[in-house]
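**Student:** Please find the sequence and the predicted model below.
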Amino acid sequence: MKKPLYKRWYVWLIGFILFAFIISPFLPETDEPEAIPAITEAYEDTYESASEDDAPQSFYEIEYEPEYEPTTEEPEYAPSPEPTEEHIVVPVMVWLSETGTRWHIRNNCGTMNPNAARQVTLEYARSLSNFAPCGRCNPPN
């Protein structure tokens, strides 16, 4: 069963829009919005009390005083230490799956679940007797 015409929302919307267009010529026209008199008076008093000589005429007339003196000298940096064996050695990390017996170079190799994988050093993975390198992603031995 269909709804009656007066119960449909779009009929009311069209009716409201037509009503607004029909009434609009009869509404009074104003050039300025009505303002609260106290605010208008306070604004006029403030505007009239300020002299035109006090205000800068443009953005470029505003004086800028920097907090520090700019220099053209290059900043001095501490020399970097010479590379030694301590700085170059970085442990190689591999991934162990939760259920498998291989170590991987990436955590999503094959059917491995990346959320269940854990990252360990290559030395630790080598120390595990039941783990070997993966044949698919070819991690370091």
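**Tutor:** Sure thing, it's come through. Everything numeric here is computed off the predicted structure, so don't read it as measured data.
**Student:** so where do the strands sit in this protein?
**Tutor:** 93-96, 102-104, 118-121, 132-133 (DSSP state E).
**Student:** for Ile17, what are its contacts?
**Tutor:** Applying CB atoms under 8 Å, 6 or more residues apart in numbering, we find Ile17 in contact with no residue. The C-beta positions use only the backbone N, C-alpha and C, and glycine is treated the same way.
**Student:** hmm, back to that, now that we have the strands of the chain, can you turn them into a markdown table and tack on distance to Pro139?
**Tutor:** What follows is the strands of the chain, written out as a markdown table (distance: least, CB to CB, whole Å):
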| stretch | distance to Pro139 |
| --- | --- |
| strand 93-96 | 5 |
| strand 102-104 | 6 |
| strand 118-121 | 12 |
| strand 132-133 | 5 |
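**Student:** and these as CSV, adding distance to Pro25, mean pLDDT and mean neighbour count?
**Tutor:** CSV is the format used below for the strands of the chain (distance: least, CB to CB, whole Å; pLDDT from 0 to 100; neighbours: other CB atoms under 10 Å):
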stretch, distance to Pro25, mean pLDDT, mean neighbour count
strand 93-96, 76, 90, 21
strand 102-104, 78, 89, 23
strand 118-121, 76, 90, 12
strand 132-133, 86, 90, 16
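**Student:** Quick one: closest of those strands to Met112.
**Tutor:** Between Met112 and the strands of the chain, the shortest separation by CB to CB is 6.5 Å, and it involves strand 102-104.
**Student:** Partner strands of that closest one, with direction?
**Tutor:** strand 93-96 (antiparallel), strand 132-133 (parallel) (DSSP bridges).
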